[in-house]
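Novice: Build me a structure from this.
(one chain, ligands or ions: 2)
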Amino acid sequence: MRVVTLGTGSPLPDPNRAGPSTLVSVDDQHLLIDCGRGVLMRLAAAGVGAAQLSAVLITHLHSDHLTDLNDVITTRWISTFESTPLTVVGPPGTQAVVDSIESMLRADTGYRLAHHDDLTEAPITEVIELTEGPVELPGGPRITAAPTDHRPVEPSVAYRIEHDGRAVVLAGDTVPCTGLDSLTRGADILVHTAIRADVIANIPIARLNDVCDYHSSIEQAADTAERAGVSVLVLTHHVPAHPPGQGDEVAAIASRNFSGRVVVADDLTTVTIPEEH
Ligand SMILES: [Zn+2]
Ligand SMILES: [Zn+2]
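Specialist: Residues are numbered from 1 along each chain as shown. Ligands and ions are numbered 1, 2, ... in the order given. Presented below is the predicted three-dimensional model:
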């Protein structure tokens, strides 16, 4: 099982960090969790194309987590040569977002259908909406969803992906909550949004201070990982973001509350289980 943090940024544009997105690969199954700004560039760097995705899992409908879903839909459609529906899993409201994206793309879709004789149908997207329970994907690893707490963004979900006795949990944006605790218990890897509450508290911008209301601080993400007993905590979605490779302070803060291995992710940081050396 391989986890690649494709984008470790936030809504704030950053020359070094794409928007929130993580790739989980099990054999030849590739699952994309969220698809923020620049996702397909980072996906290409990870050696995977839109055509190879088994599904896209959306944690919640904040724009930074799905702004490039339109790119995934179009690029998959145009780079495959037979009907290849894209499965998009997400909380209720996801179908309406996908419908709107397809509507926004209607002119482009029309141009390409008119121009390419071998292109005979518009993109097909199959949406599964849920907040908890198993996600039924044919032939894929076992996936389970659970509700998180990112209010007023509601509903929001986390995903657990399991294969061969190993498990990774993608928390998304959330404050500590029982849904995430239950989903994460006994997993190997937890990928979690982490906010530097200590830094943000000292910046006199109300709109930035608001960020702390509905995200976990590094300490809270570390506490969640410790309670669940995971081996590896992968911190991502850094606000404010530090330069890549300079996450030592973040790691030190997390290590005060979490006894396992802390990975402060940059774009394209890769974690594998079992670990490859
Ligand atoms: Zn976010
Ligand atoms: Zn969010």
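Novice: End to end on stretch 248-268, go ahead and measure it.
Specialist: Stretch 248-268 has its terminal residues 18 Å apart, counting by C-alpha to C-alpha, to the nearest Å.
Novice: So for that stretch, what gets flagged as buried?
Specialist: Neighbour-count burial for stretch 248-268 flags 250-251, 253-254, 257-258, 260-268 (criterion: 16 or more other C-beta atoms under 10 Å). From N, CA and C alone the C-beta is placed, and that goes for glycine too.
Novice: Tell me the spacing between R261 and A225.
Specialist: 10 Å (C-beta to C-beta, to the nearest Å).
Novice: before we move on, the earlier item: what's the farthest-apart pair in the buried residues of stretch 248-268?
Specialist: The largest separation in these, counting by C-beta to C-beta, is between N257 and L268 at 26.6 Å.
Novice: where does R76 land in three-state SS?
Specialist: helix (DSSP: H, G, I helix; E, B strand; the rest coil).
Novice: and the residue lying farthest from the centre of the chain, what element?
Specialist: Taking C-alpha atoms, centre = their mean, the residue of the chain most remote from its mean C-alpha position is D117, at 35.6 Å. In the assignment (DSSP states H and E), D117 maps to no helix and no strand.
Novice: ok, the closest residue to L130 other than its chain neighbours - how many residues close by?
Specialist: Sequence neighbours aside, A145 is the residue nearest to L130 in space, at 5.5 Å (criterion: C-beta to C-beta, 6 or more residues apart in numbering). Around A145 there are 24 other residues, counting by other C-beta atoms under 10 Å.
Novice: swap in V48?
Specialist: Residues lying near V48 (other C-beta under 10 Å) number 18.
Novice: how close does it get to ligand 2?
Specialist: Distance of V48 to ligand 2, computed by C-beta to the ion, to the nearest Å: 24 Å.
Novice: where does the residue nearest to that residue when sequence neighbours are not counted land on pLDDT?
Specialist: Computed as C-beta to C-beta, 6+ apart, the closest residue to V48 that is not its neighbour in sequence is H30, at 5.2 Å. For H30, the model assigns a pLDDT of 97.
Novice: Any part of the helix or strand harbouring H30 near ligand 1?
Specialist: Using DSSP H and E, H30 maps to strand 29-33. No: contact of strand 29-33 with ligand 1 (C-beta under 5 Å from the ion) is absent, the minimum separation being 12.2 Å.
Novice: Find the closest residue to ligand 1 in the stretch 101-250 of the chain.
Specialist: Closest residue of the stretch 101-250 of the chain to ligand 1, C-beta to the ion: D173 (4.5 Å).
Novice: quick one: contacts for the residue in the stretch 151-277 of the chain positioned nearest to ligand 2?
Specialist: Closest residue of the stretch 151-277 of the chain to ligand 2, C-beta to the ion: D173 (3.5 Å). Each residue near D173 by C-beta atoms under 8 Å, 6 or more residues apart in numbering is listed here: 59-60, 62, 65, 148, 150, 153, 156, 193, 214-215, 237.
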